[in-house]
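**Student:** sequence and predicted structure below; questions after.
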Amino acid sequence: MASRYHEVYEGWKRDPVGFWGEAAKAIDWYKPAEKVFDPTEGVYGRWFVGASCNTCYNAIDRHVAGGRADQLALIHDSAITGTIRKFTYTELKREVVALASVMRHRGVGKGDRVIIYMPMVAEAAIAMLASARIGAVHSVVFGGFASHELATRIDDAKPKLIVSASCGLEPARIVAYKPLLDKAIEMSKHKPDACLILQREQLRCEMKDNYDIDYADAVARERAAGANVDCVPVLATDPLYIIYTSGTTGQPKGIVRDNGGHMVALKWTMDNEFGVKPGEVFWAASDVGWVVGHSYIVYGPLLHGCTSVLFEGKPIGTPDAGTYWRVISEHGVVALFTAPTAFRAIKGQDPKGEFVPKYDLSKFRTLFLAGERADPETIKWAEQKLDRPVIDHWWQTETGSPMTINPAGLGLLPVKYGSPGVPMPGYDIRILDDAGHEVPRGTLGNVVVKLPLPAGCLPTLWNADGRFRQAYLEEFPGYYKTADAGMMDEDGYLYVMARTDDIINVAGHRLSTGAMEEVLAAHPDVAECAVIGIADAMKGQVPLGFVVLNAGVARDSGAIESEVVGLVRERIGPVAAFKTVVTIKRLPKTRSGKILRGTMQKIADKEEWAMPATIDDPLILDEIAAALKGRGIGV
Ligand code: COA
Ligand code: AMP
């Protein structure tokens, strides 16, 4: 089939407002937009101004009313507990209504924030939908973040209520969530009114009198009382959620997602980009704490009337490298979305792909990979073992859906290994040099998007228009800065090479080395520090820390290094995967005092490097190389 991509993309370029106005017809509105796009509203304009809608209505109620009442909406498959729970659209509605009623009785209403700090249980998705139903604004915090990160988010979002659980389950350990939650609330200035706690049988927790509410009891009471909570109409431009993502400092950025544009954009991608039809089973093997989980575990598939799989487990070790194929065959998954790390992990354990033929993958059509650079070797391995298209695509928490992809629904274009595809409608992607001039095709530069950003992208940062402008819009006036470096080839395929800021990507998880440096610097014996991301065969990148100790510190440096590692785990969380820190005498700097992190990374990764002309003292780089060699790094 010839791809309709070029025709559709050109159609959007000719008439962006007409394009999104047409796409909006796939959503049910209480009141249509007065203006599809109003350039005078918000920071760079707003989509669907004047429209009113409800995201939960579109994700659940309209399917119940429209013939999908008995179709499965959500399948919770836990490869850790060995349990599977299934919810039809009717059953999901019942759960969501009961929880929405609990929330309302706790005083949560339109515009109030609800933090959701949960493991991969169905109740995490139910809490998101219940919040959407009553017009509240949810903020899901990934379970792998520790108390300090959670506290920062509590202080920024100021939630009325927190929904959490007693524990999360990692393959080798039970993660007690409640002590982390209690500590975060202790640390935060803002105190939520109450916490709703899901007790999991693997590890029950203590409940605080008159503060913690038992999730199951509260919901059961509402159900028994026959609670009914109608969907609350909100403006299309009202926030649906805030998701915090790493910025260049320890203060994470609160990405705001609106209700209207978000629904329109996601619904469009399900069909045209992922090539999935209503009624089919879609699986995003991510976590609800990440944007992929928001868009493609919860909202995208449900808005489209699909069945979504919410998976608790890992690609390997729960119990083996065949788990993904088991889930695909057991639930009839047609499309899987995951991070390349997951496939590198599977490939590492089952290089010959011997688990693949053990399962019936007859319904499975396409594998989608994103979140980090997909190395061609991994893509080719997956293509060969699965005998299906493997589609790399590129986006960010900020955009909420792909900026580039090879669009399965519009018809696949030829695959180019190493490229995450071509720009999608809404995205006029340009490559600029540092002075803001466009560079010729094939030349590396800053990847930017011409404003306005399309429907579904962040309109701003939570309570921080100024920071939004400064972080994304000021460096290249008229463009959104992605902070990725890359190039566009003659055929319009994008190649994404690296970040231009201090963000690193560890197992598809976005982390800030700046935030880690803040933690290292807080250790009393540390005078100076640097954190860089170095190559890792499985996780893509992992962080590596350097510390210079205060003069006169006589303690064993090994003990200090262990404390520093522990501090990052305690402050940021295990997800930082911060395991190595090297004590050095001094940091390499330019004469103006800038730490040469790029050169240190090249030494650690055994890449070719040139002595920076502006270096203060060239001998320091030999010291770094020797210190790394002592740890078996860069040799
Ligand atoms: N709650 C608590 N802790 C968590 C957690 C959670 N939700 N998720 C991860 N962690 C912990 C892990 O237990 C691990 O702790 P440890 O240092 O005690 O071992 C640490 O955070 C790092 O986790 P992870 O990056 O998942 O590494 P891993 O070694 O446990 O597993 C993979 C390796 C490849 C199996 C895993 O990284 C993976 O599944 N990657 C896929 C990436 C993905 O889906 N990304 C989503 C973005 S699209
Ligand atoms: P996040 O906001 O966590 O989704 O991270 C977004 C960042 O991950 C991007 O800015 C890129 O640096 C990186 N990224 C995501 N997808 C890809 C991809 N397909 N190829 C290369 N890098 C990617």
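**Tutor:** Okay, I see it. Residues are numbered from 1 along each chain as shown. Ligands and ions are numbered 1, 2, ... in the order given.
**Student:** what about the strands in the stretch 101-250 of the chain?
**Tutor:** Remark: strands assigned in the stretch 101-250 of the chain by DSSP state E, counting those that start in this stretch are 113-117, 137-140, 161-165, 167-170, 173-176, 194-198, 212-214, 234-235, 239-245.
**Student:** show residues contacting the shortest one.
**Tutor:** If you take Cβ atoms under 8 Å, 6 or more residues apart in numbering as the criterion, strand 234-235 is touched by G50, A51, S52, C53, N54, K110, G135, N259, G260. Every residue, glycine included, has its C-beta placed from N, CA and C.
**Student:** my guess is M187 meets A151, correct?
**Tutor:** Yes. Counting by Cβ atoms under 8 Å, M187 does reach A151; the two are 4.0 Å apart.
**Student:** more neighbours, these two?
**Tutor:** Neighbour count, other Cβ atoms under 10 Å: between M187 and A151, A151 has more, with 21 against 14.
**Student:** so how far is L511 from that one?
**Tutor:** Distance, A151 to L511, by Cβ to Cβ, to the nearest Å: 18 Å.
**Student:** quick check: the residue of the stretch 251-400 of the chain nearest ligand 2.
**Tutor:** Minimum separation of the stretch 251-400 of the chain from ligand 2 (Cβ to the nearest ligand atom) falls at T397, amounting to 3.4 Å.
**Student:** element containing that residue?
**Tutor:** T397 is part of no helix or strand when elements are defined by DSSP states H and E.
**Student:** for ligand 2, find the nearest of the strands of the stretch 101-250 of the chain.
**Tutor:** Using Cβ to the nearest ligand atom, the strands of the stretch 101-250 of the chain put strand 239-245 closest to ligand 2, at 5.4 Å.
**Student:** tell me what the following helix or strand past that closest one is packed against?
**Tutor:** Next in sequence after strand 239-245, counting helices and strands by DSSP H and E, comes strand 253-258. Judged by 3 or more Cβ pairs under 8 Å, 6 or more residues apart in numbering; DSSP states H and E, strand 253-258 is in contact with helix 147-157, strand 239-245.
**Student:** turn these into TSV, columns for mean pLDDT.
**Tutor:** Listed next are those as TSV, based on pLDDT from 0 to 100:
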stretch	mean pLDDT
helix 147-157	96
strand 239-245	97
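**Student:** output the below-cut-off pLDDT ranges for the chain.
**Tutor:** 248-250 (pLDDT under 70).
**Student:** domain map for it?
**Tutor:** 5-313+393-486, 507-630 (automatic domain parsing).
**Student:** end-to-end on the last one?
**Tutor:** Taking Cα to Cα, to the nearest Å, the first and last residues of domain 507-630 lie 26 Å apart.
**Student:** check the longest one too.
**Tutor:** Terminal residues of domain 5-313+393-486 lie 22 Å apart, using Cα to Cα.
**Student:** which SS class is the residue lying farthest from the centre of the chain?
**Tutor:** Most distant from the centre of the chain: G552, at 43.1 Å, with distances by Cα atoms, centre = their mean. Following DSSP: H, G, I helix; E, B strand; the rest coil, G552 is assigned to coil.
**Student:** now do it against T583, distance only.
**Tutor:** 15 Å.
**Student:** got it, and W395?
**Tutor:** In terms of Cβ to Cβ, W395 sits 39 Å off from T583.
**Student:** so between the two, which is more surrounded?
**Tutor:** W395 (23 against 19).
**Student:** from what I can see the more buried one touches P402, true?
**Tutor:** Yes. The pair W395 / P402 is scored as a contact, 4.6 Å apart, by Cβ under 8 Å.
**Student:** now do the shared contacts for the two.
**Tutor:** Common neighbours of W395 and P402 (Cβ under 8 Å, 6+ apart) are A370.
**Student:** report the contact partners of the residue of the stretch 251-400 of the chain closest to ligand 2.
**Tutor:** I243, T245, I255, W290, V291, R510.
**Student:** so how far is L587 from the third one?
**Tutor:** Right, I255. Where L587 is concerned, I255 sits at a distance of 32 Å (Cβ to Cβ).
**Student:** before we move on, the earlier item: Throw the helices and strands packed on strand 253-258 into TSV and include distance to D209, thanks.
**Tutor:** Below are the helices and strands packed on strand 253-258 laid out as TSV (distance: least, Cβ to Cβ, whole Å):
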stretch	distance to D209
helix 147-157	21
strand 239-245	30
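**Student:** want to try CSV for these, with distance to ligand 2 as columns?
**Tutor:** Formatted as CSV, those follow (distance: least, Cβ to the nearest ligand atom, whole Å):
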stretch, distance to ligand 2
helix 147-157, 15
strand 239-245, 5
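**Student:** no more questions from me, cheers.
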